[in-house]
Structures are given as C-alpha cells and as structure tokens.
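Visitor: sequence and computational prediction follow.
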Amino acid sequence: MSVAVSHISKRFETQAHRFVPALRDVSLEVQTGELLALLGPSGSGKTTLLRIIAGLEVADAGQVFFSNEDVTEKSAYERKAGFVFQSYALFQHMSVFENIAFGLRVLPRKKRPNSAAIEKRVTELLGLIQLEGYEKRLPSQLSGGQRQRVALARALAIEPRVLLLDEPFGALDAKVRKDLRKWLRHFHDQTHLTSLFVTHDQDEAFELADRVVIFNEGRIQQIGAPSELRQNPSNDFVREFLEV
Amino acid sequence: MKRATTDPWWARWLLVGITLAFIVVFLIFPVCVILVEALKRGLEFYFSALGEKHSTSAIRMTLLVAITVVPLNTIFGVCAAWAITHFKFPGKSLLISAIEIPLWVSPVVGGLVFALIFGRRGWLGTWLETHDIQILFAFPGIVLATAFVTFPFVARGLIPLMQAQGSAEEEAALTLGANGWQLFWRVTFPKIKWGVLYGMILCNARAMGEFGAVSVVAGSVDDKMTMPLQIENYYQSLSGGGLSRAFALASILLLLSAITLAIKIGLEWRHIVPRLNQASKPPLAH
C-alpha cells in the first residue's frame, strides 16, 4: 500500500497564543513496498509528520491518504498503522507474549482469532525477532534491543498496511543499533511492507532506505535515492547537512 | 564509623522524642480514652448501647452513605484525571484548582450551600416541595454533602500519577486498534489501579467521619443521622449513660477507621515495597 500526504501544515502552541510551525505545506508519497527515511535535525518536524500519518496528531491543514483512501478524518485506531515508538512504549504490566498479542486481542469479536491462532501468530513473531523463550518476561526484564524488537513484533502482529518507525534505534548502543539495522533491512527485503522511518542519523538513513527525505524547519528540502542526494544536493542546507 | 550525615545523638533523640510525644498525646491517648469510656459501664451496657435503634440506624446510614459516595467520587476522580492528563482544553489549570475547593472551604460552608439550594426557602425549595422530593434532612442531602467534602480525594492522587506515566502506552494501544474502552481497561487502568484504590480508601475514611457538612443538611431528624452526628447527639443528651453511649458508638467508628487503615497498610506493603525492591535490582542482561 502506498501512503501519501498532501499539503500538510501543523503548528504547536508553546505558550498561550504563541505558535511554532512544525510542518509547512508538506507533500510526500511513499510508494508501495518502499523503505523511506525521513532525515533531518531534531525539531525539523519529521516526527510530527510520522505522528500525523499514524493519526496520533491532527494536522491543521492537508490530507493523508492510505492507497487512494482519504484517512484524514479517521482516528488512529481506525487507521491501524504499525507504529514503533522511540521509547518502545511497551505495556509495562504485560508479558512479552501479551504485548505482542495485544493488537489481536482488541479486534472486534468477529475478526478476533481464537486463542490457538493468537498463540501461533505470537510464536511466529517471536521467532522472527529471535526472542523464542522470552514470552513470559516483562518488558522491564529485557535489554533495550530486545524491547525494541518486541515493539516491532507488536506492531507487526496486526499485519499493518504500513510500518512507521520513530527513531527506532535512537536509544540503543552502536553495536545493537547496527545489528538491528541489518535485521530491519533484511526483514523489509523479505516482506516489502511499505515503511517510513524517522532518523537524525545520516548513515542509518543512507544505509537502510530506498529513498531519503531531507527535512529542515518543517519543510522538505530534497527527496531522492542516497546516491542522488550526495551527487546533486539541491540547496545549501542539504549540502551542509550531508557535508558533501 | 561516623558518616557526614549523622546528626549528634541528642538531636536524634530529641526529634524522635518530640515525634513520639505528639503521637502519644494526640493519637494514642484519645484512642485509649474512647475505649475506656466506651467500656466504663461494662460490656453488657456497651452492647446494649450499640443495639439501640438510634445506634444501629446511624451505623446503617454511615455505611450506606459511604457505599454511595465512594463509587461516585471514584468515577468522577478517574474521569477528571483522565481528562486533565489526556486532553488539552482552555481552563485546564483552573479545573485542577477547582477540584481542590472542598479542601479549602470549611465543610460547614459546603453544607450550607446545599441547604441554600435545596432548602425550603432555597433556590429549588418550592419546586422540590411541589414535586414532593425530599433532599435536605434526608439521605440524598447527606450524600451530596459528603460527596462535596470527599470530592478531591481520588482525582488529586491520580492526576500526578497519570501525568508522570504519560500517554505513550495509550498511543501505542491506539495504533494497535484499541478503542477507548479497551484502552482504559487494558492499558490505563492496570497502571493506575492501586492509585485508584488508595484514593477510594482515603475517600471512604473521610466519608464515614464527616461531621460539619453533614450536620447542616441532616438537621436533627433522629433516624436520618450518621454515626458522627449520633455520637454528638448522645454526648449532648442529658440522660444517664449518654457519654458511654457516645463513646460506644465512637468505638465502632474507630473500628471502621482501623479496618480502613489496615487495608491501606496492606496495600502499601504489597505494592509499594516490592516495587522499591524491584527498582533497586538491575535489569537482566541479554
């Protein structure tokens, strides 16, 4: 499924009646099966855009499309975009198993799989993230990398049409980060799930993504394949940011 | 070994001594007086005093009021805390302060407000009278006054708790397709349940002991009295044994408080102490 945003604008109220623009007239299309990176300095609006696509934030203006369907007016729980949070946001009081099963357990009765099917699906996902045997652990008993993988499995359990990752490796140490990066690229090559991830790490964006979107001050500066961006930076900001 | 933070022995003894003296004079001594006075005329008198119609109806009324008010204020408290922590709306900080009004206002004033609204000469008095609805000097009035006084207890504890927890888990649940109901019961409630229970215990303790606000709306109708009012009534009565009756009933109120306190301590031991232990343990490695 493709994802598109059209003329999205958003401002935040910092204090009473004082607004800071976060996104200014942003349009973008993520093609079906693509792995796209939103790259930019912190505060450039990339996370806000991701949250608007998921429905966690409402844009002041503009539209969001999933395939050709306008989902602008739909709430987050209707959109069901797979979302992986920077801080994992795992359910602290639930086991790894229950965390991953959550999206299946909250399905309407008619669509909800029976407990055997849920168990099968969760076991499958535990295998995918290489955490077999950890199903009874609580999130507090896992390392950072393990938590992030559980968060990923939890998002994938509902078979989302799109996967959105907010600084997915931001809180991890260098070694774990590299491993997980490789794992994600491998996973994407196998599934071709349309994916969009936010990062401020240039290496990460260039190594992982099919195309990279460079953000600054709420505007898209340039979109292109990694090689293209390096060869033809379109403006001074991109040139400086990429240090080419 | 002498540590830098160790105070001299006399300072420690002085502080501990002052604390103990206060506890003895203001807490333990009164409790002893209640028990001694209650049992002064013997066990037989004690039980007959409790068996009297006035006593049993007061006990029933107090329990009924608590059973009604605690759930009401729990629902309100959870709603208010949810709204304040999850939504942005104008006047939010004002609302947080408004919730605490009953803590600042004298309970008697709170009771008077209801008397002013529902009393015979009050705003709604005539209307209520023509429709034959009794609020003042009856169960609804006592419930209203008690609810007013205990209004902040659940909300006040939950707001900082929920603000500290943030809404990351709730957002995750949303993207996984949980609706509002599922979100609350599966994600939010498990995180706040002990806070809710703690608030309910405080609310209950206050609801059973409230005197000022209730005394205004309950008036002097004998069978519409709560325990604190009936205790005062016995105490003021000139008949022989009034004092002992008052203390006998007070001892029951004391017993209810002791039960509440025991539940509270039990909760703290079960849920706060293990968490502290857990926090000091390092997370398991890979």
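Guide: Received it, and whenever you're ready, just let me know what you need.

Visitor: so where's the stretch 101-250 of chain B uncertain?
Guide: Where the stretch 101-250 of chain B drops to pLDDT under 70, the residues are B:219-223.

Visitor: tell me which parts of it are close to chain A?
Guide: Contact residues, the stretch 101-250 of chain B versus chain A (Cβ under 8 Å from any Cβ of the partner chain): B:168-169, B:171-179, B:182, B:186-187, B:190-191. No exception for glycine: its C-beta is placed from N, CA and C like everyone else's.

Visitor: strands of chain A, start to end?
Guide: In chain A, the strands defined using DSSP state E lie at A:3-15, A:18-30, A:35-39, A:61-66, A:69-70, A:82-84, A:163-166, A:195-199, A:211-216, A:219-224.

Visitor: average model confidence for the second one?
Guide: It refers to strand A:18-30. What strand A:18-30 shows for mean pLDDT is 89.

Visitor: so what does it touch, helix or strand wise?
Guide: Other helices and strands packing on strand A:18-30, by 3 or more Cβ pairs under 8 Å, 6 or more residues apart in numbering or on different chains; DSSP states H and E, are strand A:3-15, helix A:46-54, strand A:61-66, strand A:219-224.

Visitor: which non-adjacent residue is nearest residue B:234?
Guide: Nearest non-adjacent residue to residue B:234, counting by Cβ to Cβ, 6 or more residues apart in numbering or on different chains: residue B:246, 3.8 Å away.

Visitor: got a list of what the one you found touches?
Guide: B:231-232, B:234-235 (Cβ atoms under 8 Å, 6 or more residues apart in numbering or on different chains).

Visitor: again, only using 6 Å
Guide: Residue B:246 sits next to B:231, B:234-235 when contact means Cβ atoms under 6 Å, 6 or more residues apart in numbering or on different chains.

Visitor: residues near residue 7, how many?
Guide: Defaulting to chain A. Residue A:7: 13 surrounding residues under other Cβ atoms under 10 Å in any protein chain shown.

Visitor: right idea, wrong chain: chain B
Guide: Using other Cβ under 10 Å: residue B:7 sits among 10 other residues.

Visitor: quick check, residue B:228 in contact with residue B:211.
Guide: Yes: judged on Cβ atoms under 6 Å, residue B:228 makes contact with residue B:211 at a distance of 4.2 Å.

Visitor: and the longest helix for chain A?
Guide: helix A:174-191 (DSSP state H).

Visitor: quick one, helices of the stretch 51-200 of chain B?
Guide: Ranges of helices in the stretch 51-200 of chain B, per DSSP state H, counting those that start in this stretch, are B:53-86, B:92-99, B:101-104, B:107-118, B:125-130, B:139-150, B:152-165, B:168-175, B:180-182, B:189-209.

Visitor: can I get those in TSV including distance to residue A:240 and mean neighbour count?
Guide: What follows is the helices of the stretch 51-200 of chain B, written out as TSV (distance: least, Cβ to Cβ, whole Å; neighbours: other Cβ atoms under 10 Å in any protein chain shown):
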stretch	distance to residue A:240	mean neighbour count
helix B:53-86	40	19
helix B:92-99	41	13
helix B:101-104	56	13
helix B:107-118	65	19
helix B:125-130	74	13
helix B:139-150	61	24
helix B:152-165	40	20
helix B:168-175	34	23
helix B:180-182	46	14
helix B:189-209	44	20
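
Visitor: so which of those comes closest to residue B:46?
Guide: Set against residue B:46 and scored by Cβ to Cβ, those come closest in helix B:53-86, at 10.7 Å.

Visitor: how far away is residue B:188 from chain A?
Guide: 10 Å (Cβ to the nearest Cβ, to the nearest Å).

Visitor: same question for residue B:53.
Guide: 49 Å.

Visitor: give me the neighbour count for residue 183.
Guide: Chain wasn't specified; assuming chain A. By other Cβ under 10 Å, 16 other residues sit near residue A:183.

Visitor: correction: the question concerned chain B.
Guide: 22.

Visitor: so where's chain A shaky on pLDDT?
Guide: Using pLDDT under 70, chain A drops low at A:16, A:244.

Visitor: burial count for the closest residue to residue B:241 other than its chain neighbours?
Guide: Setting aside the residues directly before and after it, residue B:241 is nearest to residue B:41 in space (Cβ to Cβ, 6+ apart), at 6.3 Å. Around residue B:41 there are 18 other residues, counting by other Cβ under 10 Å.

Visitor: tell me the pLDDT of residue B:41.
Guide: Taking residue B:41 on its own, its pLDDT is 88.

Visitor: pretty sure it contacts residue B:243?
Guide: No: contact status for residue B:41 versus residue B:243: not in contact, 9.3 Å apart, counting by Cβ under 6 Å.

Visitor: how about the helix or strand hosting residue B:50 as PDB, C-alpha atoms only?
Guide: Following DSSP states H and E, one finds residue B:50 within helix B:42-51. Provided in PDB are the C-alpha atoms of helix B:42-51 (Å, rounded to 0.1, in the frame of the first residue of the first chain):
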ATOM      1  CA  GLY B  42     -19.400  -2.800  81.400                       C
ATOM      2  CA  LEU B  43     -19.700  -5.000  78.300                       C
ATOM      3  CA  GLU B  44     -23.400  -5.500  78.700                       C
ATOM      4  CA  PHE B  45     -24.100  -1.800  78.600                       C
ATOM      5  CA  TYR B  46     -21.700  -1.400  75.700                       C
ATOM      6  CA  PHE B  47     -23.500  -3.900  73.500                       C
ATOM      7  CA  SER B  48     -27.000  -2.700  74.500                       C
ATOM      8  CA  ALA B  49     -25.900   0.800  73.600                       C
ATOM      9  CA  LEU B  50     -24.800  -0.400  70.200                       C
ATOM     10  CA  GLY B  51     -28.000  -2.400  69.800                       C
END
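
Visitor: centre of the chain versus it, how much separation?
Guide: Here helix B:42-51 is found 28 Å from its chain centre; the criterion is Cα atoms, centre = their mean, to the nearest Å.

Visitor: between helix B:53-86 and that helix, find me the angle.
Guide: Taking axes from the mean of the first three to the mean of the last three Cα atoms, to 10 degrees, one finds helix B:42-51 and helix B:53-86 inclined to each other by 60 degrees.

Visitor: residue B:228 and residue B:211: which is more packed in?
Guide: The residue with more neighbours, out of residue B:228 and residue B:211, is residue B:228; 21 against 17, by other Cβ under 10 Å.

Visitor: now the helix or strand hosting the more buried one: buried residues?
Guide: Following DSSP H and E, one finds residue B:228 within helix B:227-236. Going by neighbour count (16 or more other Cβ atoms under 10 Å in any protein chain shown), the buried part of helix B:227-236 is B:227-231, B:233-234.

Visitor: tell me the angle the helix or strand following that helix makes with helix B:42-51.
Guide: Note on helix B:227-236: by DSSP H and E, the next helix or strand toward the C-terminus is helix B:242-271. If you take the same axes, to 10 degrees, helix B:242-271 sits at 80 degrees to helix B:42-51.

Visitor: now helix B:242-271 against helix B:189-209, angle please.
Guide: 170 degrees.

Visitor: and residue A:136, what does it touch?
Guide: Contacts of residue A:136 by Cβ under 6 Å, 6+ apart are residue A:95.
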